[in-house]
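*Asks:* Pasting a predicted model and its sequence here:
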Amino acid sequence: MMSALLGAPLVDRDYAARQQALRAAGIAVWDVYASCERVGSLDSAIRGATLNDFGQLRRLAPLLCRVCFNGQAAGRHVRIFAELGYATLVLPSTSPAYTLAFEKKLAAWREALKLKD
C-alpha cells in the first residue's frame, strides 16, 4: 500500500530506506501492539497482546496530529487516541483477507493521507 501511495518501489529497498521514504512523506508507522502471539496472519488469531504505550507519542512525535488505523482490528483502539487529542480515522485493512478491491482501499488511504495520484 505504501509503495502505491508514494509511487515508489519500497519493497525493493532495505528497511532504513523504507523508513526514510515514509518519513520524507510525513508518514510514521507504529503497531498498536508492543507484543503478541499469532499463528498465521489473521488478526483473529492474535493472542496475549500487549498494547504499545500510546502516551509516549507526544514525546516521540510531538508534531503528530492524526492517527490512521489499518483496519478494524487496530481501529478497536481509536478511543484511546481520540482521548489523547488526536484526530483519528479507521481505514480499510490492507490485508488480502479483506476483500475490498485494492483500488478502493488505495483511494481511501490516499484521501486520508491527502496524497496525490
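*Replies:* In hand now; what should we look at?
*Asks:* lowest-confidence helix or strand of the protein?
*Replies:* Least confident helix or strand of the chain, by mean pLDDT, DSSP states H and E, is helix 57-60 with a mean of 88.
*Asks:* ok, and what's touching it?
*Replies:* 30, 64, 84, 86 (CB atoms under 8 Å, 6 or more residues apart in numbering). (Each C-beta comes from the backbone N, C-alpha and C, glycine too.)
*Asks:* Please, where are all the helices along the protein?
*Replies:* Shown for the chain, the helices assigned by DSSP state H span residues 2-6, 15-24, 57-60, 72-75, 78-83, 102-113.
*Asks:* hmm, which of the contacts of helix 57-60 are the buried ones?
*Replies:* The neighbour count (16 or more other CB atoms under 10 Å) marks 64, 86 as buried among the contacts of helix 57-60.
*Asks:* returning to that earlier point: just the CA trace of the least confident helix or strand of the chain, in PDB.
*Replies:* Presented in PDB, the C-alpha positions along helix 57-60 are these (Å, rounded to 0.1, in the frame of the first residue of the first chain):
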ATOM      1  CA  LEU A  57       3.500   9.600  21.300                       C
ATOM      2  CA  ARG A  58       3.500  13.200  22.400                       C
ATOM      3  CA  ARG A  59       7.200  12.900  23.400                       C
ATOM      4  CA  LEU A  60       8.200  10.700  20.400                       C
END
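*Asks:* measure residue 23 to residue 30 for me?
*Replies:* Using CB to CB, to the nearest Å, residue 23 is found at 13 Å from residue 30.
*Asks:* swap in residue 67?
*Replies:* Applying CB to CB to residue 67 and residue 30 gives a distance of 9 Å.
*Asks:* just residue 39 next, same as before
*Replies:* If you measure residue 39 against residue 30 using CB to CB, the figure is 23 Å.
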